[in-house]
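Participant: Need coordinates for the below:
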Amino acid sequence: MRDIMECLQKEIYERCQKETNKFGMGCYYHIASVVKNAEILADKYGADKEVVMIAGWLHDVASITDYRLYELHHVHGAQMAYDILKGYGYDARKIPLVQECIKKHRGSVNLEKNSLEELCVADADAISHFDSIPDLLYLAYVQKGMGIEEGKEFVKEKLKRSFQKLSPESQKYYRSKFQKVMEVLN
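Facilitator: Residues are numbered from 1 along each chain as shown. Reported below is the predicted structural model:
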C-alpha cells in the first residue's frame, strides 16, 4: 500500500505545481488534508483505509489537471482515476470502489453514499477546510479583495456550510474542532 500512496502523493504534488492548475499549491494541502481525515474516519468507521486514502489523493485530480473539468470534476476524476490506478497495476476489483468515492465526494452535489468508504471521503473533503484556514483567508482577502469583516464572515459561512455537509456521526466527532475554529474567527 505504501508504494501506491507515495506514487499518488508525488503525482498529485506535481500536478498541483503546474501552471495549468488554477487552484495553486493550496489545493495540494487541501488534498493532503482530505487523505489524513479520510484515514482517521476509516479507522473510526471500520472502512477500507486503502480505498479511502487512494480516493482522497485522487478526488480532485480532474480539477487540478484541467480547470474546464471543474463543474463535473467528480465524474471526470472517477474516469481519470481508473486510468491512473490501472497504470499503477492497482487491484482491478478495488478500482470501482475508489471511483465511487470520487463520484460521491462533493457536498454540493448531494448523492447518496452507499458505503462507509464513500461517507469517509465525502466527510473528509468537507472537514478539510478546517485544516486550511490560511488558504480560506487568502481566498477572501487577496483573491476576492474583501475587507476585514466581509472576509471573516465569508470564511465563517464557508466553514458553517462545510460542517453542515458532514454526516451526523462526523458532526459529533468534529464538533470540538468546529467550535474552536469559530471561536478564533469571532
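Participant: Return the set of buried residues in stretch 43-62.
Facilitator: 45, 47-62 (16 or more other C-beta atoms under 10 Å). For every residue, glycine as well, the C-beta is placed using N, CA and C.
Participant: same question, stretch 15-31
Facilitator: By 16+ other C-beta under 10 Å, the buried positions in stretch 15-31 come out as R15, C16, N21, F23, G26, C27, Y28, Y29, H30, I31.
Participant: Spatially nearest residue to the first one, not counting backbone neighbours?
Facilitator: Put plainly, it is R15. In this structure, R15 finds its nearest non-sequential neighbour in I64, 5.0 Å apart by C-beta to C-beta, 6 or more residues apart in numbering.
Participant: burial measure for that neighbour, as a count.
Facilitator: The local packing of I64 (other C-beta atoms under 10 Å) involves 26 other residues.
Participant: Which SSE is immediately downstream of the one helix or strand V98 maps to?
Facilitator: Using DSSP states H and E, V98 maps to helix 95-103. Per DSSP H and E, the first helix or strand lying C-terminal to helix 95-103 is helix 116-127.
Participant: my guess is C120 contacts Y45, does it?
Facilitator: Yes: contact status for C120 versus Y45: in contact at 6.2 Å, counting by C-beta atoms under 8 Å.
Participant: And the helix or strand hosting D83, what's buried?
Facilitator: For D83, the element it lies in under DSSP H and E is helix 73-87. Neighbour-count burial for helix 73-87 flags H73, H74, V75, H76, G77, A78, Q79, M80, A81, Y82, I84, L85 (criterion: 16+ other C-beta under 10 Å).
Participant: What separation is there between the last one and H73?
Facilitator: Put plainly, it is L85. 17 Å (C-beta to C-beta, to the nearest Å).
Participant: Among the buried residues of stretch 15-31, which one sits closest to H105?
Facilitator: H105 has its nearest neighbour among those in I31, at 11.2 Å by C-beta to C-beta.
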